[in-house]
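Participant: show me the folded form of this:
(2 chains)
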Amino acid sequence: MSAPSDVGQVARLHARWHWSEIAFWILTIACAFLFPSRFLIMTDIVRLALFALSLDLILGYAGIVSLGHAAFFGVGAYCAGLLSLHGIINEPVIALIVAGLAATLIGFLTSFLVIRGVDLTRLMVTLGIALLLEALAERFSNITGGTDGLQGIEMQPILGVFAFDMFGKVGFFYSLAVLFALFLLARRIVHSPFGLSLRAIKNNPLRAAAIGVPVNRRLIAVYTLAAFYAGIAGALFTQTTALASLDVFSFERSADLMLVLVIGGTGYLYGGLIGAVVFKMLQEFFSSLTPQYWQFWIGLVLVVIVLLGRDRLHRWALWLPNLIVKQFGGAKSVVAVSESDAP
Amino acid sequence: MFVSKKLLSRTAAGMAAAGVLALAAALSPASAQESVKIGLILPMTGGQASTGKQIDNAIKLYMQQHGDTVAGKKIEVILKDDAALPDNTKRLAQELIVNDKVNVIAGFGVTPAALAAAPLATQGKIPEVVMAAGTSIITERSPYIVRTSFTLAQSSTIIADWAVKNGIKKVATLTSDYAPGNDALNFFKEHFTAGGGEIVEEVKVPLANPDFAPFLQRMKDAKPDAMFVFVPAGQGGNFMKQYAERGLDKSGIKVIGPGDVTDDDLLNNMGDAVLGTVTAHIYSAAHPSAMNKEFVAAYKKAFGSRPGFMAVSGYDGINLIYEALKKTGGKTEGDALVEAMKGMKWESPRGPISIDPETRDIVQNVYIRKVEKADGELYNVEFQTFEAVKDSGKTKK
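Facilitator: Take a look at the predicted model:
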């Protein structure tokens, strides 16, 4: 057991920016210039990444499993849509924050239900909440537009300057900026004492309580925070597509999100981001190959991923980059994967 | 936990690098060719998959029969699956227009999908041929939209007039709660009540969760002369099954409605409960014309099933594109194509049809049909024809 000061030092060390993280973000921005004709799918990926980041906060750091995360996504999406449709708040950034706060409120209220149970109960409760909201949205179709969705949403320019264009360029940079800002916030939070206490709770709630961590309050806080993130992701969806229909609440959306984290891994923030890229690319690749049966191939790939284990896949994926790194930096600077990197 | 953090972030960077390489490989732009490209966006997966499959089949059949070259240009169809989700439709339409440089976008299984693509059609000056979605407003959303399917107003007003004339006084309605369902209900109600009929019960069923049982009980209790039913094509089988299970077929409450509920695609498996159902619709596989007999035979031979009205809409849609290209002499400019499509008249398997030059919507015969058994199979047998019916659902100017 290391002394408290050592723990603090290690924590600080790990909170520092690693060169690979900087490289990751530079690459992300480079994508925008490499593929100027694919802004829409890249926006899609960024939205999904933000949404996955939200689930990672509760799943990877606090150990709360959720099959109904689309609930908050949907609240954010409808909120942003309604605000713009009725001209209540025309400025997208403010509307985005308001929509996020609406989702936060729902997240806070439902968090009391979620912390009551353990894994299986939580799955059911979260799933139930999402289904409930979906049914409500369907019932009040005079407000939500029902299955047809909100029609005629027209987005005003961001900050009154940048108008959304047909090719999705503005939408992409807008989404990316939001993702980056919220990523920084999440990064700060998980490396704070609050974030560390969450990890303690995840590892052993009883022991965490014994050393004086207020378990329930921490869980409520992080669940509410995750709801905010999901709400923002939903609002981004509505703002960049000018659409919001019942499928924002759909079970598939929550389930896909789990898959994203299965692919990317949890508990290090980049899992959702990488998972979103891989998941969307797989989807795009298979659905243009075989528009009718692509779901079969996606399923197959997921089964293979789970069977092989992420570690082994990481090593394979890193074979080429390692080769390049070796040429420049010698064997020492190899991008390695530890056998024990299970988060 | 702490030790692995560094390694993990390295993994992150490595994965990102690998990801970019993969992305570069997957996203390489399509090379430009001297051909006419048609971007076909259809729901090939999910609840509306049967619509997509029929249209896709029909287009393949048409291209087999008519070759893939028109006016010296090679026709290339790029099929994309949107799973009937409008955000997918929009993204796919945009990518087809910008990256694949398609000359026409076509398909569109549901109304929200067709509407989502409308602004792109306008901005890109690309004709949008709607082959399925049936809400009246669609063609008003862009001057580049041309429709070859039908509108709910066309069939619903006709069946309402027929019901009034045939002594049906009290009707209960059951419609799917989305734009086409509401169109069907409103146009039926307008014509039926104007003719002196009475609506005794009005039920809207969620589109996504078609359990009709509780709604059917309410229908039964209301004791109408007939029930007016609109459910999207794929749900007709399920509806009829529950209709029979609840014993409504024996209670003397007949089903009337637009023909979606007795779509040829599923009709033959619905059982005898469906016998006697009277619907107004644009196409029946039993339509007695030489052209249709040939079409049905060819479709059955190629795909092993009966073509429904979605298949015919797809077949006519691709024919419209072919004919327009012939007329422009292979010119693919959007305005010229739409101009060529306006007012075009031809003989379809469903009967004579044309494109209204003012609304770019389809003008076609609507047939009153009754489900009967012929050669051991169930068919919608047409017994009355309303000729050249226009869409009456357009905004009054």
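Participant: give me the pLDDT value at the residue of the stretch 201-350 of chain B found nearest chain A.
Facilitator: Closest approach between the stretch 201-350 of chain B and chain A, counting by C-beta to the nearest C-beta: residue B:207, at 4.5 Å. C-beta here means a position set from N, CA and C on the backbone, and glycine is covered the same way. With respect to pLDDT, residue B:207 has a value of 80.
Participant: distance of it from residue B:281?
Facilitator: 20 Å (C-beta to C-beta, to the nearest Å).
Participant: residues near residue B:298, how many?
Facilitator: Per other C-beta atoms under 10 Å in any protein chain shown, the neighbour tally for residue B:298 reads 16.
Participant: can I get the helix or strand containing it as CSV, trimmed to CA atoms?
Facilitator: Here residue B:298, judged by DSSP states H and E, is contained in helix B:290-303. Coordinates of each C-alpha in helix B:290-303 appear next as CSV, following Å, rounded to 0.1, in the frame of the first residue of the first chain:
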residue,chain,number,x,y,z
ALA,B,290,-52.2,-8.0,-70.6
MET,B,291,-49.4,-5.8,-69.4
ASN,B,292,-50.1,-6.6,-65.8
LYS,B,293,-50.4,-10.3,-66.4
GLU,B,294,-46.9,-10.2,-68.0
PHE,B,295,-45.6,-8.1,-65.1
VAL,B,296,-46.9,-10.4,-62.4
ALA,B,297,-45.6,-13.5,-64.1
ALA,B,298,-42.2,-12.0,-64.6
TYR,B,299,-42.0,-10.7,-61.0
LYS,B,300,-43.1,-14.1,-59.6
LYS,B,301,-40.6,-15.9,-61.8
ALA,B,302,-37.8,-13.6,-60.7
PHE,B,303,-38.5,-13.3,-57.0
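Participant: what about the strands in the stretch 101-250 of chain B?
Facilitator: B:104-107, B:128-130, B:145-147, B:170-176, B:198-205, B:226-230 (DSSP state E, counting those that start in this stretch).
Participant: which neighbours does the second one have in its sheet, and in what orientation?
Facilitator: Meaning strand B:128-130. strand B:104-107 (parallel), strand B:145-147 (parallel) (DSSP bridges).
Participant: number of residues surrounding the residue lying closest to residue B:138 once chain neighbours are set aside?
Facilitator: Closest residue to residue B:138 apart from its sequence neighbours, by C-beta to C-beta, 6 or more residues apart in numbering or on different chains: residue B:114 at 5.0 Å. By the criterion of other C-beta under 10 Å, residue B:114 has 30 neighbours.
Participant: residue B:114 and residue B:106 touch, don't they?
Facilitator: No: assessed by C-beta atoms under 8 Å, residue B:114 is found out of contact with residue B:106, at 10.5 Å.
Participant: shared neighbours of those two, anything?
Facilitator: B:128, B:130 (C-beta atoms under 8 Å, 6 or more residues apart in numbering or on different chains).
Participant: that older thread, confidence score at the residue nearest to residue B:138?
Facilitator: Note on residue B:114: pLDDT of 91.
Participant: any idea how far residue A:37 is from it?
Facilitator: Taken as C-beta to C-beta, the span from residue B:114 to residue A:37 is 24 Å.
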